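1. sequence plus the predicted model coming up.
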Amino acid sequence: MIGEEATKGLDFGALRLAIEARDPDALTGFYAEDAHLRIVHAALLDGPAFELRGRAQIERYLRAICDQQMTCSVEDGAVVGQDGTIEFRELCSYPNGTPISVKTTLEVEGGLITRQTDLVERADRDEGSER
């Protein structure tokens with residue numbers, strides 16, 4: 001687990017718990033008021049990205065995502081890049097068995113997420129078993 005000093009004050013352990021519990025209230029608290037969230041689908045890299053600006057838009061999105069029937073887990077091994085970004089992978093599974101992988105890159109200032117980019121792709125079924 002990475003420490004808060006390495007993540008510019010972000011409590012990654014608490015973020016991980018909020019993601020895995022699919023708790024929109026807790027998740028919203030990690031974002032700066034003027035945060036930016038960009039979601040890119042791996043199958044459509046040249047296509048338009050889904051972008052949200054501001055905590056209010058992000059909160060509505062998080063509530064919609066957290067209301068879905070799925071399980072999510074954050075892989076061990078979040079990485080702090082030389083540029084100060086935090087990267088980790090989230091693995092989700094829907095009741096019909098569809099596995100989704102989300103590679104997340106965060107930019108953090110003052111302990112809050114200011115910028116987030118998610119690369120979403122269908123996960124290899126064996127990927128979840130490697131954890």
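-> Received it, and whenever you're ready, just let me know what you need. Numbers count the residues shown, from 1 in each chain.

2. next, the buried residues of the longest helix along the chain.
-> As assigned by DSSP state H, the longest helix anywhere in the chain is helix 55-66. Residues of helix 55-66 classed as buried: 55, 58, 59, 61, 62, 66 (neighbour count, 16 or more other Cβ atoms under 10 Å). C-betas here are computed from N, CA, C, even on glycine.

3. now the residues you listed as JSON lines including pLDDT and distance to residue 86?
-> Listed next are the buried residues of helix 55-66 as JSON lines, based on pLDDT from 0 to 100; distance: Cβ to Cβ, whole Å:
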{"residue": "55", "pLDDT": "97", "distance to residue 86": "19"}
{"residue": "58", "pLDDT": "97", "distance to residue 86": "17"}
{"residue": "59", "pLDDT": "97", "distance to residue 86": "21"}
{"residue": "61", "pLDDT": "95", "distance to residue 86": "20"}
{"residue": "62", "pLDDT": "96", "distance to residue 86": "18"}
{"residue": "66", "pLDDT": "93", "distance to residue 86": "21"}
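
4. can you lay out those as JSON lines showing distance to residue 21?
-> Shown next, in JSON lines, are these (distance: Cβ to Cβ, whole Å):
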{"residue": "55", "distance to residue 21": "19"}
{"residue": "58", "distance to residue 21": "17"}
{"residue": "59", "distance to residue 21": "16"}
{"residue": "61", "distance to residue 21": "17"}
{"residue": "62", "distance to residue 21": "12"}
{"residue": "66", "distance to residue 21": "9"}
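
5. for this structure, which residue is closest to the average position?
-> residue 104 (4.9 Å; Cα atoms, centre = their mean).

6. mind checking how far the longest helix of the chain is from the chain centre?
-> Distance of helix 55-66 from its chain centroid, counting by Cα atoms, centre = their mean, to the nearest Å, is 12 Å.

7. got the contact list for that helix?
-> Under the contact criterion Cβ atoms under 8 Å, 6 or more residues apart in numbering, helix 55-66 has outside partners 22, 23, 24, 27, 28, 31, 32, 33, 34, 35, 37, 52.
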